[in-house]
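Chemist: When you get a sec, could you give me coordinates for this:
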Amino acid sequence: MVEALPLSRFSPEGGENLLRGMAGGTIIKIGSTTEEGIEGGGLIIDYRRAGSSVVERAVFAFNDSGLWVEWAGSVASASS
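Modeler: Here you go, the predicted model:
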């Protein structure tokens, strides 16, 4: 079973599908941002799902209360 992430306005289902899609994938980059509005500075993970050439990004925000999905989506193709 995949651990659930809290609900957020960007991922109202709680992030379970995001975590399932990341499982078995390839991590491309991990980082953070200085962009305003992402609580805790954010945790950004760029990855490719298993068998895909599309690079996807998951942005997590966090504070003392927990971690949640701030944004998730495709950013580029691996061939570009």
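Chemist: center of this protein, which residue is that?
Modeler: Central residue of the chain (CA atoms, centre = their mean): Ala58, 1.7 Å from the mean position.
Chemist: Gly25: what's it in contact with?
Modeler: Applying CB atoms under 8 Å, 6 or more residues apart in numbering, we find Gly25 in contact with Tyr47, Arg48, Arg49, Ala50, Ser52. Bear in mind the C-beta positions are built from the backbone N, C-alpha and C, glycine included.
Chemist: can you map out the strands along the chain?
Modeler: Shown for the chain, the strands assigned by DSSP state E span residues 26-31, 43-48, 54-63, 66-77.
Chemist: Now tabulate the ones you listed in TSV and tack on distance to Arg20.
Modeler: Formatted as TSV, those follow (distance: least, CB to CB, whole Å):
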stretch	distance to Arg20
strand 26-31	15
strand 43-48	12
strand 54-63	12
strand 66-77	12
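Chemist: want to throw these into a markdown table with mean pLDDT and distance to Glu16?
Modeler: What follows is those, written out as a markdown table (pLDDT from 0 to 100; distance: least, CB to CB, whole Å):
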| stretch | mean pLDDT | distance to Glu16 |
| --- | --- | --- |
| strand 26-31 | 95 | 19 |
| strand 43-48 | 94 | 16 |
| strand 54-63 | 90 | 13 |
| strand 66-77 | 82 | 10 |
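Chemist: Can you tell me which of these is nearest to Gly15?
Modeler: strand 66-77 (4.5 Å; CB to CB).
Chemist: mind listing what's buried in that closest one?
Modeler: Buried residues in strand 66-77, counted by 16 or more other CB atoms under 10 Å: Leu67, Trp68, Val69, Glu70, Ala72.
Chemist: ditto for stretch 40-50
Modeler: Buried, per 16+ other CB under 10 Å, within stretch 40-50: Gly42, Leu43, Ile44, Ile45, Asp46, Tyr47, Arg48, Arg49.
Chemist: farthest-separated two in the residues you listed?
Modeler: Among the buried residues of stretch 40-50, the pair separated by the greatest distance (CB to CB) is Gly42 and Arg49, at 21.2 Å.
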